[in-house]
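A.B. asks: I would like the atomic coordinates for the input below:
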Amino acid sequence: MLGLLILFIFQSNAYCYLPLDRIVAIVNDDVIMQSELETKIRTVRGQLQQQGTQLPPASILERQVLDKMVQTRIQLQIATRTGVKVDDESLNRTISNIAAENKVSLSQFREILEKDGYIYEQFREDIRNEITLSQLRKRQVENRIVVTEKEIDNFLVNQEFQGTTQTEIQISHILLALPSEATPDEIAQVRQVASRVREDLLSGADFTDTARTVSDGGNAENGGDLGWRKLEDVPSLFADYIPDMEMGDISELIQSPSGFHIIRISDIRSDEKNIVEQTHARHILIKPDELISSKQAREKAELLKVRIENGDDFALLAKGNSDDPGSAIKGGDLGWTTPGALVPEFQKMMDSMEPGQVSNAFKTDYGWHILEVLERREHDNSESVKRGKARFAIRNRKLEEAMQNWTRQLRDEAYVEYRLDGV
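C.D. replies: Model (predicted):
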């Protein structure tokens, strides 16, 4: 009895000394707790240290992480209201893929996580949230972005006219954000801070470290790096400033509703011709369905292979047997294909074959195939790559602006109350 009483007193005293959790932000009908924030900060700090990145001051890192958590919480709330869900099967498949990419089994992957201090169930929920946010953004923003062939044509004409076809630039960015509906005094205060930051940069301060320390931009943790872009690929806000800048130049202050921006041209490079090895091939596809099992489909494909070896015409067999309507009508002809255009299993088989060779039956997600490689050639794919890059650039520019507007709108429509000192 005495032992139990001593144990109870010890546990009671220990409990009294536990630090009390508290709310650091209210986001609509939800809250973010101090413990959640501290856990996230430890994760972010660990990632930055692993990358060899210099850490910003603790107060700035705390603010950046909390802002990101608020933004994430708002979007997860929208996902719940609009019915965006990730089932356990999809989640398990994603985690298995992550483990496979790291060349370990799922059980080994779990052990590694737990050894590094991660709670596996929390890791699962973090991945679920990432997938949920990705699906939400695709549904509400990305899937609404359309790039027409006419836009690509105009883009390329403008490149030719401006002489920027062969040049890409790497841009770094700092944002000193303005509050929503900022007053003239608030605008003046932020402008003053931004001016001091720019003066420091002109005096030799490291742009990357400065961006990590003071920038409110979404890429602050990466030192403000916006990546490699063509001129027409930069946000329209910066487009008027880029042509007059050279490598290493730092822009004047650029004002927008979001705040004051400073950009730097970090590097410049030129494009080169894109020569690829194309393959001309044909195939026969046998698809399993309600009437034919996968085993029966394989047996049929193997029988067709025997008939080809015995002299039957590949094209006639494809027309009469292939379940790929697009190529069957052409005798199974796939035309000239560029690496990466076909599913990985098909591409791997095709790459392993010599011209004139017919494969054994092999399986992809589409069914069972017989493949013949007809010929190969070296092809200048520059025009296709150029149009692909143009499409990507136009889409990225539209997507970046649409994502900023969408995020800003969600933030303006949400009720957010910070309860963290200094925020």
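A.B. asks: okay, CA-based contacts and neighbour counts for the rest of this
C.D. replies: Will do.
A.B. asks: which of the three states applies to the most centrally placed residue in the chain?
C.D. replies: Most central in the chain under C-alpha atoms, centre = their mean is residue 134, positioned 8.7 Å from the mean C-alpha point. Under the three-state scheme (DSSP: H, G, I helix; E, B strand; the rest coil), residue 134 adopts helix.
A.B. asks: what residues are up against it?
C.D. replies: The contact partners of residue 134, by C-alpha atoms under 8 Å, 6 or more residues apart in numbering, come to none.
A.B. asks: next one: it from residue 57, what distance?
C.D. replies: 30 Å (C-alpha to C-alpha, to the nearest Å).
A.B. asks: cool, and residue 192?
C.D. replies: Distance, residue 192 to residue 57, using C-alpha to C-alpha: 21 Å.
A.B. asks: what does residue 364 give?
C.D. replies: The separation that residue 364 has from residue 57, given C-alpha to C-alpha, amounts to 52 Å.
A.B. asks: again with residue 411
C.D. replies: 25 Å.
A.B. asks: what does the lengthiest strand in the chain contact?
C.D. replies: Across the chain, the longest stretch assigned as strand under DSSP state E is strand 367-380. Strand 367-380 has contacts (C-alpha under 8 Å, 6+ apart) with 273-288, 294, 297-298, 301, 304-305, 350, 353-363.
A.B. asks: C-terminal to it, what's the next element?
C.D. replies: Next helix or strand after strand 367-380 toward the C-terminus (DSSP states H and E): helix 382-413.
A.B. asks: now that next one: average pLDDT?
C.D. replies: The average pLDDT within helix 382-413 is 88.
A.B. asks: list the buried residues of that helix.
C.D. replies: For helix 382-413, the neighbour count (16 or more other C-alpha atoms under 10 Å) marks 386-387, 389-391, 393-400, 402-403, 407, 411 as buried.
A.B. asks: over to stretch 114-125?
C.D. replies: By neighbour count on 16+ other C-alpha under 10 Å, the buried set for stretch 114-125 is residue 124.
A.B. asks: contacting residues around residue 324?
C.D. replies: For residue 324, counting by C-alpha under 8 Å, 6+ apart, the contacting residues are 284, 285, 332.
A.B. asks: brain fart, residue 318
C.D. replies: Listed by C-alpha under 8 Å, 6+ apart, the contact set of residue 318 reads 283, 284, 328, 329, 331, 332.
A.B. asks: where's the last one relative to residue 20, distance?
C.D. replies: In other words, residue 332. To residue 20, residue 332 is 70 Å away according to C-alpha to C-alpha.
A.B. asks: higher neighbour count, these two?
C.D. replies: residue 332 (28 against 8; other C-alpha atoms under 10 Å).
A.B. asks: wait, doesn't the more buried one sit right on residue 284?
C.D. replies: Yes: between residue 332 and residue 284 there is a contact at 5.9 Å, judged by C-alpha atoms under 8 Å.
A.B. asks: and residue 404, what does it touch?
C.D. replies: Residue 404 sits next to no residue when contact means C-alpha under 8 Å, 6+ apart.
A.B. asks: just send the contacts of residue 324 back as TSV, with distance to residue 126, pLDDT and secondary structure too.
C.D. replies: Shown next, in TSV, are the contacts of residue 324 (distance: C-alpha to C-alpha, whole Å; pLDDT from 0 to 100; DSSP: H, G, I helix; E, B strand; the rest coil):
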residue	distance to residue 126	pLDDT	secondary structure
284	43	97	strand
285	40	97	strand
332	45	96	coil
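A.B. asks: and these, which is closest to residue 50?
C.D. replies: Comparing these against residue 50 with C-alpha to C-alpha places residue 285 closest, at 47.5 Å.
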